[in-house]
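**Student:** Predicted model and sequence follow; I will ask about them next.
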There are 2 protein chains.
Amino acid sequence: MSQFNDVSITREANIYFDGKVTSRTIHFPDGTKKTLGIMMPGDYEFNTEAKELMEILSGDLEIQLVGEEWKKIAPGGSFEVPANSSFKLKIVEVTDYCCSYLA
Amino acid sequence: MSQFNDVSITREANIYFDGKVTSRTIHFPDGTKKTLGIMMPGDYEFNTEAKELMEILSGDLEIQLVGEEWKKIAPGGSFEVPANSSFKLKIVEVTDYCCSYLA
C-alpha cells in the first residue's frame, strides 16, 4: 500500500461504460493530475488528449496501442499512451489502476 | 463538483464483491477518514465498526437498516448507520457515494 499526500480529490467519480470503468481525479500541488480507477471485465477503447502513463496496481488485462500487437500487462506493470491517440483494453479480471497525465 | 483539499489518498482500491463495490480511502489532516466508492447494480450487505454517514452523490438505490423498512435514497440524500451494525443495499443503477467514518 502507498499513498499520495497533500493532494486534492474531486468528490464525484468519473463514470464511463455504464459504470464498468470509473475513476477519481487527484490534483497535485504542482498542477499535475492523476486518476485512480477501476475497470470491470470487458472490452473498452479510450482516446487520449495528453500523454498517459497507466500503472496497473492489480488485475489481469491486455492492451493494444495503435498499430501494435495485443500485450498482456501484469500487476506492477505499466504502459504509456501517446497524446491524441487511442488504446484498446481487454479486462480479464477487475483491474485497479493509476493513470498519470503527462505534459 | 466539489473537492477535498489537503488530504492523503491510499493509492490501492478497496475491492469487495468481485469489484462490484470498490472504494478509495481518503485521510484528512484531523485524523478522520472517508471513502469514495462506486457500487454496481446488485444486492449487498455490509457490517459497520464505526458509525457511518453514507452520502449518495449519484445513482439509484434502496437501503435497509437493522429492524427498519426498505427506504429509497435519492442522489443528494444520505443515511447513517450505527456502529457495530449492518445494512443491506439494493443498487438499482450505478451509485457513487461518499462514506464518512464518525467517531
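**Tutor:** Thanks, I have the structure now.

**Student:** so which strand or helix has residue A:49?
**Tutor:** Following DSSP states H and E, one finds residue A:49 outside all helices and strands.

**Student:** hang on, it packs against residue A:84?
**Tutor:** Yes - using CB atoms under 8 Å, residue A:49 is in contact with residue A:84, at 6.6 Å. C-beta: built from backbone N, CA, C; applies to glycine.

**Student:** residue contacts, residue A:39?
**Tutor:** If a contact means CB atoms under 8 Å, 6 or more residues apart in numbering or on different chains, then residue A:39 has A:20, A:21, A:59, A:61, A:89, A:91, A:94, A:95, A:97 as its contacts.

**Student:** Give me the contact status of the biggest strand by length in chain A with chain B.
**Tutor:** Assignment by DSSP state E gives strand A:86-102 as the longest strand of chain A. Yes - residues of strand A:86-102 contacting chain B under CB under 8 Å from any CB of the partner chain: A:94, A:96, A:98.

**Student:** that older thread, so, if you compare the contacts of residue A:39, which one comes nearest to residue B:65?
**Tutor:** Each of the contacts of residue A:39 was scored against residue B:65 by CB to CB, and residue A:94 proved nearest at 28.5 Å.

**Student:** follow-up on the earlier one: tell me the one of the contacts of residue A:39 nearest chain B?
**Tutor:** Of all these, the one with the least separation from chain B (CB to the nearest CB) is residue A:94, at 3.2 Å.

**Student:** give the contact list for the nearest residue to residue A:75 once chain neighbours are set aside.
**Tutor:** Leaving aside its sequence neighbours, residue A:75 sits nearest to residue A:58 (CB to CB, 6 or more residues apart in numbering or on different chains; 4.9 Å). Neighbouring residues of residue A:58 by CB under 8 Å, 6+ apart: A:75, A:94, A:95, A:96, B:12, B:13, B:15.
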